[in-house]
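>>> Need coordinates for the following:
(2 chains, ligands or ions: 2)
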Amino acid sequence: MIDTPYILQAKNLTKIYGENVIFKDISLDVHKGETIVIIGPSGTGKSTLLRCLNLLTPVNSGQIFLEGEEITAHGVDHDQVRQKIGMVFQNFLLFNHLTALGNVMIGLTKVKKMPPEKAKQKALHELERVGLADRAHHYPAQLSGGQQQRVAIARALAMDPLVMLFDEPTSALDPELIGEVLGVMEQLAHEHMTMLVVTHEMGFAREVADRIIFMEKGSIVEQGSPEDLFERPQHARTREFLGKISELYGKKEKK
Amino acid sequence: MVNQFFSYIFQGTSVTVAVTLVALPLGLILGLLLALLYNYGGFWVSRLAAAYSLIMRGVPPIALLFILYFLLSGRLINLTPFWAGSISLGIISSAYQMEILRGALQAVGEGQMTAARAIGMSRLQAIRYIIIPQAIRLAIPPWSNEASIVLKDSSLVYAIGVPEILRRAQQLSATTQQPFLAFGAAALIYFVLVFLVNRGLDLLAEKTKLPTSMA
Ligand SMILES: Nc1ncnc2c1ncn2[C@@H]1O[C@H](COP(=O)(O)OP(=O)(O)OP(=O)(O)O)[C@@H](O)[C@H]1O
Ligand SMILES: [Mg+2]
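Ligands and ions are numbered 1, 2, ... in the order given. Predicted coordinates for the structure are as follows:
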């Protein structure tokens, strides 16, 4: 491991799909233990950026460093890198044929080659962390959306990732289930998990984020502490977006 | 007399079952391999698998059986009619099983692969531990249908002289001049076999069924 204050660092990332430049020259430094919230309008490339960061999608140019080591370099084992970067999806994507416990265990037994008994202990511990030890033997279809998303978080945590990426983890949830997922994420932030969260939950951004990044049309328009962005946005576009988003989502949060 | 009659045809049952037990698993292994190549093999490999399927399914099984039989019991390899016939039926069935499995693999959805890759699984691991277990469950009902087709098509090996149910019925019909009784008995045995296979697979589907959503 190279000595660096950054867990994750992206330098001049550019992603192009066919003719479409999704984002261009994006750079990003993520400190250890930092919670970063990424906001921005639909189609801006937030999801694509997260997918590029854990190498699910290749970038066209630029470099990504994990703990100082370049993971976009030639010959890097992508599967090994992904073990260290947890990812949580909007639509949960639990493995449908496995119980909650099975979902959390399978990465341990098949990827980390942990003995089943030990993997089970660890998986149960992770389920406990998200408050679902009592649902260990339920299948995804038998769980509510909020519970499924918490299992998905436990599944990612079980791999002991260096950083967790969340792509709109509460967007597919009924309003009354959003809180339980945000609660787990807040707890993770308090435990100093390094997190990159794409979300429209401004309450969470305000309370939990160390830094907020506003992205639009494939570039980072502005970033700063929640106070700076909410109270003193530098760009008109940021102000506009924040106004619109709190109008859309604000009522839901207030209730 | 009827008893003896029936038992003569019934002796063919073991041959029919044996042919099916060779053809069906062989078709499954080849079919799964082809389906995986089709879905994950890249452009050209996928095209090749599709072409294989198209050709195999576009020719009557009996014609393919003769072609394959003459290849498999020819000069290069010389298999007995039983083995040549069973393997040929397996190869024919592989194209149909490929279609069933490739549909099932696709029905599992891209998201499951993404999620598996995200926890560090390789493509192969994801296919093996995440995609296939779900695809197999989806494939059981159509596969049950294919299993009964293979069972019934095993009668085709009659044409290359393998003494299965139908061939025995044909012989009896000729010697006893009782075609209705002879072929009726054969039909009854086929029916019972197909029924048992379908029931067995229904039970398997029931047993491996995943719990459905909470109401
Ligand atoms: N696999 C793909 N092939 C081609 N274009 C794609 C692909 N994935 C995403 N895009 C395009 O990239 C752009 C950015 O998409 P992305 O999903 O990253 O945006 P987003 O900021 O996450 O939006 P949202 O808030 O709607 O989730 C969109 O215009 C989308 O159509
Ligand atoms: Mg998105």
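
>>> Please make it C-alpha for all contacts and neighbour counts, starting now.
Fine.

>>> what does the stretch 151-255 of chain A put close to chain B?
A:156, A:159 (CA under 8 Å from any CA of the partner chain).

>>> give me the low-pLDDT residue ranges for the stretch 101-250 of chain A?
Low-confidence segments of the stretch 101-250 of chain A (pLDDT under 70): A:249-250.

>>> can we see that at 80?
A:246-250 (pLDDT under 80).

>>> In it, what residue comes closest to chain B?
Nearest residue of the stretch 101-250 of chain A to chain B: residue A:141, at 4.4 Å (CA to the nearest CA).

>>> quick one: that residue is in a helix?
Yes. Using DSSP: H, G, I helix; E, B strand; the rest coil, the assignment for residue A:141 is a helix.

>>> From ligand 1, how far out is it?
Distance, residue A:141 to ligand 1, using CA to the nearest ligand atom, to the nearest Å: 24 Å.

>>> give me the number of residues near that residue?
Using other CA atoms under 10 Å in any protein chain shown, residue A:141 is surrounded by 18 other residues.

>>> from what I can see it touches residue A:147, true?
No. Residue A:141 lies out of contact with residue A:147 (CA atoms under 8 Å); the separation is 10.4 Å.

>>> Which parts of the stretch 51-200 of chain A are helices?
For the stretch 51-200 of chain A, the helices defined by DSSP state H, counting those that start in this stretch cover A:78-83, A:100-106, A:116-129, A:145-157, A:175-190.

>>> Likewise for chain B?
B:2-40, B:42-58, B:61-72, B:81-108, B:110-118, B:123-126, B:132-153, B:165-176, B:179-208 (DSSP state H).

>>> For the longest one, what is the distance to the chain centroid?
To tie it back to what came earlier, the one meant is helix B:2-40. 6 Å (CA atoms, centre = their mean, to the nearest Å).

>>> mind listing what's buried in that helix?
For helix B:2-40, the neighbour count (16 or more other CA atoms under 10 Å in any protein chain shown) marks B:5-6, B:8-10, B:12-13, B:15-24, B:26-39 as buried.

>>> Just list what that helix packs against, helices and strands only.
helix B:42-58, helix B:81-108, helix B:132-153, helix B:165-176, helix B:179-208 (3 or more CA pairs under 8 Å, 6 or more residues apart in numbering or on different chains; DSSP states H and E).

>>> do the same with the fifth one
Helix B:110-118 makes packing contacts with helix A:78-83, strand A:85-88, helix B:123-126 when contacts are defined by 3+ CA pairs under 8 Å, 6+ apart.

>>> Kindly recompute the last result at 7 Å.
On a contact count with 3 or more CA pairs under 7 Å, 6 or more residues apart in numbering or on different chains; DSSP states H and E, helix B:110-118 meets helix B:123-126.

>>> still on that earlier bit, for the helices of chain B, which one sits closest to residue A:4?
Closest approach to residue A:4 among the helices of chain B (CA to CA): helix B:110-118, 24.7 Å.

>>> any idea of the angle that closest one forms with helix A:145-157?
Note on geometry: by axes from the mean of the first three to the mean of the last three CA atoms, to 10 degrees, helix B:110-118 and helix A:145-157 are set 30 degrees apart in direction.

>>> coming back round to it: what's the most buried one of the helices and strands packed on helix B:2-40?
helix B:81-108 (a mean of 24; mean count of other CA atoms under 10 Å in any protein chain shown).

>>> Export the helices of the stretch 51-200 of chain A as a markdown table, with columns for mean neighbour count and distance to residue B:163.
Output for the helices of the stretch 51-200 of chain A, formatted as a markdown table (neighbours: other CA atoms under 10 Å in any protein chain shown; distance: least, CA to CA, whole Å):
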| stretch | mean neighbour count | distance to residue B:163 |
| --- | --- | --- |
| helix A:78-83 | 20 | 54 |
| helix A:100-106 | 27 | 49 |
| helix A:116-129 | 19 | 50 |
| helix A:145-157 | 27 | 56 |
| helix A:175-190 | 17 | 66 |
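
>>> I'd like the ones you listed laid out as CSV, including distance to residue B:170.
As requested, these are arranged in CSV below (distance: least, CA to CA, whole Å):
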stretch, distance to residue B:170
helix A:78-83, 61
helix A:100-106, 55
helix A:116-129, 57
helix A:145-157, 61
helix A:175-190, 69
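
>>> and those helices as JSON lines, adding distance to ligand 1?
Shown next, in JSON lines, are the helices of the stretch 51-200 of chain A (distance: least, CA to the nearest ligand atom, whole Å):
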{"stretch": "helix A:78-83", "distance to ligand 1": "19"}
{"stretch": "helix A:100-106", "distance to ligand 1": "25"}
{"stretch": "helix A:116-129", "distance to ligand 1": "27"}
{"stretch": "helix A:145-157", "distance to ligand 1": "17"}
{"stretch": "helix A:175-190", "distance to ligand 1": "17"}
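
>>> Nearest to residue A:215, out of those helices?
With CA to CA, the closest approach to residue A:215 among the helices of the stretch 51-200 of chain A belongs to helix A:175-190: 21.6 Å.

>>> How far off centre is that closest one?
13 Å.

>>> okay, the angle between it and helix A:116-129?
110 degrees.

>>> what residues are up against residue A:62?
Contacts for residue A:62 (CA atoms under 7 Å, 6 or more residues apart in numbering or on different chains) come out as A:11, A:12, A:13, A:14.

>>> Tell me the residues of chain A that contact ligand 1?
A:17, A:22, A:41, A:42, A:43, A:44, A:45, A:46, A:47, A:48 (CA under 6 Å from any ligand atom).

>>> Of the residues you listed, keep whichever come out buried.
Applying 16+ other CA under 10 Å to the residues of chain A next to ligand 1 flags A:22, A:44, A:45, A:46, A:47, A:48 as buried.

>>> Just the ones of those residues in strands?
residue A:22 (DSSP state E).

>>> and stretch B:120-127 with chain A, contact?
Yes. Judged by CA under 7 Å from any CA of the partner chain, stretch B:120-127 and chain A are in contact via B:120, B:121, B:122.

>>> Buried ones from these, can you make that a PyMOL selection?
Filtering the residues of stretch B:120-127 next to chain A down to the buried ones (16+ other CA under 10 Å) takes a single PyMOL command:
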select buried, chain B and resi 120+121+122
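
>>> Closest one to residue B:183 out of the residues of stretch B:120-127 next to chain A, please.
Of all the residues of stretch B:120-127 next to chain A, residue B:183 sits closest to residue B:122, with 53.9 Å by CA to CA.

>>> right, and the closest one touches residue A:79 too?
Yes. At 6.0 Å, residue B:122 and residue A:79 qualify as touching, with contact defined as CA atoms under 7 Å.

>>> ok, the residue of chain B found nearest ligand 1 to residue B:88 distance?
Closest residue of chain B to ligand 1, CA to the nearest ligand atom: residue B:110 (11.6 Å). Per CA to CA, to the nearest Å, residue B:110 is found 34 Å from residue B:88.

>>> now residue B:64
8 Å.

>>> same question, residue A:43
From residue A:43 to residue B:88 the distance is 53 Å (CA to CA).

>>> what do you get for residue A:225?
70 Å.

>>> Identify all contacting residues around the helix or strand in which residue A:223 is found.
Using DSSP states H and E, residue A:223 maps to strand A:219-224. Here strand A:219-224 makes contact (CA under 7 Å, 6+ apart) with A:23, A:24, A:26, A:211, A:212, A:213, A:214, A:215.
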